[in-house]
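Chemist: build me a structure from this.
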Amino acid sequence: SWTTSAQRIWPAQVDLLGPLGQVTLVPSSEGLGIHGSAGTDGLRWLDTSLGLSAEALSCEAQSPEGTLALDMSLDRARWKGIDLATAELAAMWNNQQVRWSVQGLDSAQTPLMEARGTTSIRDPEKLRGRVTLNQAPATWGQGWVPEDWLTFDGQVSGQVGVGGSISAPSLQGALALDAVRLTVPNMGTWFEVDGALRVKPDAWLVDRAQVRDAAGQQATWTAALYHDGFQEVNVDVHAFDMSGPMRILDLPKEVDLPFSGVLDAEGEASMFFWNDQFTVSGDARIVGPSDCQISLVSEGEARWEDLVTFVNPHAADSVRAVESNRGAQGVTLSLDLDIDPSAVATLVTDRDNSVKMGGRTEGALSMVLEDWERLTLTGGLEIVEGECEFVLGPFLSKDFDLQPGGMLTWDGDPYAGQIDVEALHTLRANVA
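Modeler: Below you'll find the predicted structure:
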């Protein structure tokens, strides 16, 4: 119904509506005003093309002569591991340059992140800016590390400069870790970290921070996360100077897990993540209240008599180690352990017919566990005190007391260990 006239060349308002969203254009003598919101297809396009999800998007823009000012707001915005109740973006185009700012808020509308910077219209890939974090969730880093291997919690504050380009940003600055909790699901344990984090273009570094376990024991902690353009992430963590035994394993005892239970240790430990491989290694002394279980249950066709061999205690021949032909993948636990007599250990052979030994031992073991499936044991344990439950299916079940001085030794293959023990079974006789 609108027609041009000498007084009004443009209509008072133009509405554009489609699957991508709605846009309203408002011409004026000062320029063009724009109001818009994204529809379902528009939000889906953002998610598919940019990996940015949001429940709603609205924007306003003004275009005076030679400039463009844009304000955009997203509700429940999420990109990788960064989750915001509200994300607000502002940009000003002027003289071949764009000045931009981004603010991220939580559900209470408290700013968690603010970023400001400039980029050139002639070189839109080029970035120059600064990001400020104000008690931002450490969970934002989860988008670059698999949750099955390591999860983050806690808060991070500080400033980071942004350079490089949009496709390959470069960061440099300093952050403060505030009770950042690192949980290792495969170990059943978690640790809290306080300290400074230095951010470099190709690395994130922590130097001599303090780490605490669930029982409050402390250690000094250094860590480095190296990356190549935020790809090929390599994490290297080292803990030392422990105030006391720290809990490095806390898994329910399970016959299907080669190594489970509670493991408290003092000494040094390291954690590595590289090329989809998560490795925990350490040189530690196992002390009470450790109560762990080594399970030699085979998921294949091996029988009880194939797993346990009674040997001559005076024979000098050792059992040859069996090397696995399969490469390591996923999770590797590599520990050199000095066993304290106060620690409790249980050895299980198979499900139905077994020699289940439990008690206190001392000695040294070198253990490598790959993907919670392939176990290598080297070393020996001397029995201090303990019990042995001998089970032969439904036909026989006897309990024995293990005498001090018995030995359990391995030379690589956990199924080829040597057992040299003296066990006594007490009988009550009815003398008539």
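Chemist: quick one, phi psi at Pro414?
Modeler: With angles defined as degrees, to the nearest 10, Pro414 sits at phi -60, psi -20.
Chemist: could you check how far it is from Ile286?
Modeler: Distance, Pro414 to Ile286, by Cβ to Cβ, to the nearest Å: 17 Å. Glycine gets a C-beta too; all of them are placed from N, C-alpha and C.
Chemist: listing partners with orientation, what would you give for the helix or strand hosting Ser73?
Modeler: If you go by DSSP states H and E, Ser73 is part of strand 68-79. Here strand 68-79 is paired, per DSSP bridges, with strand 52-53 (antiparallel), strand 56-63 (antiparallel), strand 82-94 (antiparallel).
Chemist: output the below-cut-off pLDDT ranges for the stretch 1-150 of the chain.
Modeler: 1-10 (pLDDT under 70).
Chemist: repeat for the stretch 201-350 of the chain
Modeler: For the stretch 201-350 of the chain, the stretches with pLDDT under 70 are 255-256, 258, 275-276, 288-289, 296-331, 345, 347, 349-350.
Chemist: can you rerun that using 50?
Modeler: Where the stretch 201-350 of the chain drops to pLDDT under 50, the residues are 298-329.
Chemist: phi, psi of Gly143?
Modeler: The phi/psi pair for Gly143 (degrees, to the nearest 10) is phi -60, psi -10.
Chemist: ok and the helix or strand harbouring Arg44 relative to strand 68-79, angle-wise?
Modeler: Per DSSP H and E, Arg44 falls inside helix 40-50. Taking axes from the mean of the first three to the mean of the last three Cα atoms, to 10 degrees, one finds helix 40-50 and strand 68-79 inclined to each other by 80 degrees.
Chemist: for helix 40-50, name the packing helices and strands.
Modeler: Applying 3 or more Cβ pairs under 8 Å, 6 or more residues apart in numbering; DSSP states H and E, we find helix 40-50 packed against strand 52-53, strand 56-63.
Chemist: tell me where the stretch 301-432 of the chain has strands.
Modeler: Assigned by DSSP state E, counting those that start in this stretch, the strands in the stretch 301-432 of the chain fall at 309-310, 330-339, 344-348, 353-370, 374-392, 396-402, 407-412, 418-420, 423-424.
Chemist: which of the residues in the strand holding Ser73 are buried?
Modeler: The neighbour-count check on strand 68-79 (16 or more other Cβ atoms under 10 Å) flags Leu68, Ala69, Leu70, Met72, Ser73, Leu74, Ala77, Arg78, Trp79 as buried.
Chemist: before we move on, what about stretch 229-241?
Modeler: Using 16+ other Cβ under 10 Å as the test for burial, stretch 229-241 gives Val233, Val235, Asp236, Val237, His238, Ala239.
Chemist: name the residues that touch it?
Modeler: Identification of contacts with stretch 229-241 by Cβ atoms under 8 Å, 6 or more residues apart in numbering yields 144-145, 150, 168-169, 211, 219-227, 246, 268-275.
Chemist: give me the buried subset of those residues.
Modeler: Burial by neighbour count, judged by 16+ other Cβ under 10 Å, picks out 145, 150, 211, 219-225, 246, 268-273 from these.
Chemist: distance of the spatially most central residue of the chain relative to Val280?
Modeler: Most central in the chain under Cα atoms, centre = their mean is Leu150, positioned 1.0 Å from the mean C-alpha point. Distance, Leu150 to Val280, using Cβ to Cβ: 11 Å.
Chemist: now do the shared contacts for those two.
Modeler: Common contact partners of Leu150 and Val280 (Cβ under 8 Å, 6+ apart): Val184.
Chemist: residue contacts, the residue lying closest to Met92 once chain neighbours are set aside?
Modeler: Closest residue to Met92 apart from its sequence neighbours, by Cβ to Cβ, 6 or more residues apart in numbering: Arg99 at 4.8 Å. Contact partners of Arg99, counting by Cβ under 8 Å, 6+ apart, are Ala91, Met92, Arg116, Gly117, Thr118.
Chemist: burial count for the first one?
Modeler: If you count neighbours by other Cβ atoms under 10 Å, Ala91 ends up with 16.
Chemist: pretty sure it sits against Trp100.
Modeler: Yes. In this structure, Ala91 is within contact of Trp100 by Cβ atoms under 8 Å, at 4.4 Å.
Chemist: could you measure from Gln254 over to Arg374?
Modeler: No, residue 254 isn't Gln; it's Glu. Going from Glu254 to Arg374 by Cβ to Cβ gives 17 Å.
Chemist: in stretch 247-266, what counts as buried?
Modeler: 247-251, 255, 257-266.
Chemist: those: which two are farthest apart?
Modeler: Within the buried residues of stretch 247-266, two members stand farthest from each other by Cβ to Cβ: Val255 and Glu266, at 28.5 Å.
Chemist: returning to that earlier point: format the buried residues of strand 68-79 as a markdown table; extra columns: distance to Lys126.
Modeler: Shown next, in a markdown table, are the buried residues of strand 68-79 (distance: Cβ to Cβ, whole Å):
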| residue | distance to Lys126 |
| --- | --- |
| Leu68 | 19 |
| Ala69 | 21 |
| Leu70 | 19 |
| Met72 | 21 |
| Ser73 | 26 |
| Leu74 | 24 |
| Ala77 | 24 |
| Arg78 | 26 |
| Trp79 | 21 |
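Chemist: quick revisit: which ones among the buried residues of stretch 229-241 are found in strands?
Modeler: Val233, Val235, Asp236, Val237, His238, Ala239 (DSSP state E).
Chemist: out of the residues you listed, who's nearest Ala176?
Modeler: Val237 (18.2 Å).
Chemist: would you turn the strands paired with strand 68-79 into CSV with distance to Gly406?
Modeler: Compiled in CSV, the strands paired with strand 68-79 are given as follows (distance: least, Cβ to Cβ, whole Å):
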stretch, distance to Gly406
strand 52-53, 61
strand 56-63, 70
strand 82-94, 56
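Chemist: which one of those strands lies closest to Gly31?
Modeler: Checking the strands paired with strand 68-79 against Gly31 by Cβ to Cβ gives strand 56-63 as the closest, at 4.7 Å.
Chemist: buried sites along the closest one?
Modeler: Residues of strand 56-63 classed as buried by neighbour count (16+ other Cβ under 10 Å): Leu57, Cys59, Ala61, Gln62, Ser63.
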